[in-house]
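**Student:** fold the stuff below for me.
(chains A, B, C and D)
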2 protein chains.
Amino acid sequence: MPSGRMRQFDAEVALDRALEVFWARGYQGATLPELTKAMGINRPSLYAAFGNKEQLFRKALDRYQTGPMSFLSEALKEPTARGAVETIFSGFIRMQRERKKARGCLIVSGALACGEEAETVRRELAQLRQSTVAVFRKRFERAVDNGDLPKGTDCATLARYVATVLGGLAVQAASGTPEKELRRVATLAMRAWPS
Amino acid sequence: MPSGRMRQFDAEVALDRALEVFWARGYQGATLPELTKAMGINRPSLYAAFGNKEQLFRKALDRYQTGPMSFLSEALKEPTARGAVETIFSGFIRMQRERKKARGCLIVSGALACGEEAETVRRELAQLRQSTVAVFRKRFERAVDNGDLPKGTDCATLARYVATVLGGLAVQAASGTPEKELRRVATLAMRAWPS
DNA sequence: AGTTTTGTGTACTGATTGGTACAATGAACT
DNA sequence: AGTTCATTGTACCAATCAGTACACAAAACT
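**Tutor:** Numbers count the residues shown, from 1 in each chain, chains lettered A, B, ... in the order given. Below is the predicted model:
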């Protein structure tokens, strides 16, 4: 349909490469030379296809959520709240396995503390983390209604706790903690689960 | 004793200001103009007194550990391991109260993901986080010897779990989660404690 | 074949980065 | 008073940052 020269690269593959760079370097730490080199394209192609650095980051973030992090929304469909959380923890830990450099979580380490230039990205990621807590809470409230969780369960705090452990696992993974230890921590963390 | 013009500023006060900037911005996100403005000095004074940006960060990190984070080594002196961990959690949460912009933990958000230039700092902080886990583990092993913790307690995993919750609390605090919710999470996290 | 339209590659822009040269300042010493 | 010497402020440095102008290349149209 469109006339003119066609794109010489696969935009989705290039986006995956960009995601890998942002994941390892964070938003601010990822430079355009490193991005374009990893993506196998040059700068004008990047700007033509993705807008600018911030828009590229947002697209990589979307791809992160629908790709590597897709286990999360899947896990929430588990029949029990406890099973959902166990699947979330194990899914996150399993996600670390195949990665070599980009360990941790993009939503946590993408822009936790950064310069003024990246403030909007930082706020966006913080809000995303908060909205994840809200998603957990709703799932747990549904579980209370179903009798899956005890009546009187503090769903807000439980959701916040799960998000806290998840964030802590992200920090641990970024610190080089081996997968086996992460699994043990996740198991121990489940001991706080309401009975 | 030394002749020549004396320093026109208090180096400790200036270091506290620098710490505040690194805390809020991270190592890479803190720029020299922002640092010098906050410290109330100009660039050559900074370099004369502290070396360079990386050395300034290390000195700020030392001050962070002996200042705002001093509650940690104090808490480890608590008679029981459980009391120590409870004091660590509440101490960390209380530390967030007085801060407005620099929320979270410098050791977590100082350089979680960053550019090549900050790689040495990132590795240093990662190692510091790991050594904190080792400190916890030793404290718990001592508690097992004392009969304070049950025999057969997996001290390594328990230590890793405490560090994970602490890191998660740092992420939550950096995301703007209010103090009251952090306290509830810490209380819930203690339900995983071995009985 | 020739025109149009889009992507590509090189080379550039202004702004900002961390780091310094150098002259002026001022306190302690003889 | 005059000498000494570390600190101070201004102005600068090379390198790097994100972003772009422009000529060239190639695919779809008449």
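**Student:** count residues in the vicinity of A:S3, would you?
**Tutor:** A:S3 has 5 neighbouring residues, counting by other C-beta atoms under 10 Å in any protein chain shown. No exception for glycine: its C-beta is placed from N, CA and C like everyone else's.
**Student:** whoops, A:Q55 was the one
**Tutor:** Counted with other C-beta under 10 Å, A:Q55 comes out at 11.
**Student:** which residues touch A:R103?
**Tutor:** A:24, A:96, A:173-174, A:176 (C-beta atoms under 8 Å, 6 or more residues apart in numbering or on different chains).
**Student:** ok, 7 Å please
**Tutor:** Going by C-beta atoms under 7 Å, 6 or more residues apart in numbering or on different chains, A:R103 touches A:96, A:173-174.
**Student:** assign it to helix, strand or coil.
**Tutor:** Assigned by DSSP: H, G, I helix; E, B strand; the rest coil, the conformation of A:R103 is coil.
**Student:** how many residues are close by the closest residue to it other than its chain neighbours?
**Tutor:** Among residues not flanking A:R103 along the chain, A:A173 sits closest, at 4.7 Å (C-beta to C-beta, 6 or more residues apart in numbering or on different chains). A count of nearby residues for A:A173, using other C-beta under 10 Å, gives 22.
**Student:** got it, and A:A134?
**Tutor:** 12.
**Student:** picking up where we left off before, pick the one among the contacts of A:R103 closest to DNA strand C.
**Tutor:** Taking C-beta to the nearest atom of the strand as the measure, DNA strand C lies nearest A:A174 of those, at 22.0 Å.
**Student:** is the closest one in contact with A:G110, as I believe?
**Tutor:** No. The criterion here is C-beta atoms under 7 Å, and A:A174 misses it with A:G110 at 11.3 Å.
**Student:** more neighbours: these two, which one.
**Tutor:** Neighbour totals were compared for A:A174 and A:G110, and A:G110 leads with 29 against 25 (other C-beta under 10 Å).
**Student:** hang on, the earlier thing: possible to save the contacts of A:R103 as TSV with pLDDT, distance to DNA strand D and secondary structure?
**Tutor:** Conversion of these to TSV gives the following (pLDDT from 0 to 100; distance: C-beta to the nearest atom of the strand, whole Å; DSSP: H, G, I helix; E, B strand; the rest coil):
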residue	pLDDT	distance to DNA strand D	secondary structure
A:Q96	97	26	helix
A:A173	98	25	helix
A:A174	98	20	helix
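**Student:** up against DNA strand C, what does chain A have?
**Tutor:** A:2-9, A:41-45, A:48-49, A:115 (C-beta under 7 Å from any atom of the strand).
**Student:** what's the burial count for the residue of chain A at minimum distance from DNA strand C?
**Tutor:** Distances between chain A and DNA strand C by C-beta to the nearest atom of the strand are smallest at A:G4, namely 2.3 Å. Per other C-beta under 10 Å, the neighbour tally for A:G4 reads 5.
**Student:** Three-state assignment for it, please.
**Tutor:** Reduced to three states by three-state DSSP, A:G4 is coil.
**Student:** residues contacting it?
**Tutor:** For A:G4, no contacting residues are found, by C-beta under 7 Å, 6+ apart.
**Student:** check it and give its pLDDT.
**Tutor:** Per-residue pLDDT puts A:G4 at 89.
**Student:** ok, now A:A134?
**Tutor:** Listed pLDDT for A:A134 reads 99.
**Student:** what's the closest non-adjacent residue to A:E141?
**Tutor:** Per C-beta to C-beta, 6+ apart, closest to A:E141 is A:C155, 4.8 Å.
**Student:** the longest helix belonging to chain A packs against which elements?
**Tutor:** For chain A, the longest helix by residue count, based on DSSP state H, is helix A:119-146. Here helix A:119-146 touches helix A:81-97, helix A:106-109, helix A:155-174, going by 3 or more C-beta pairs under 7 Å, 6 or more residues apart in numbering or on different chains; DSSP states H and E.
**Student:** quick one on the thing from earlier: the residue nearest to A:R103 reaches A:A102, doesn't it?
**Tutor:** No. Using C-beta under 7 Å, A:A173 is not in contact with A:A102; the gap is 10.0 Å.
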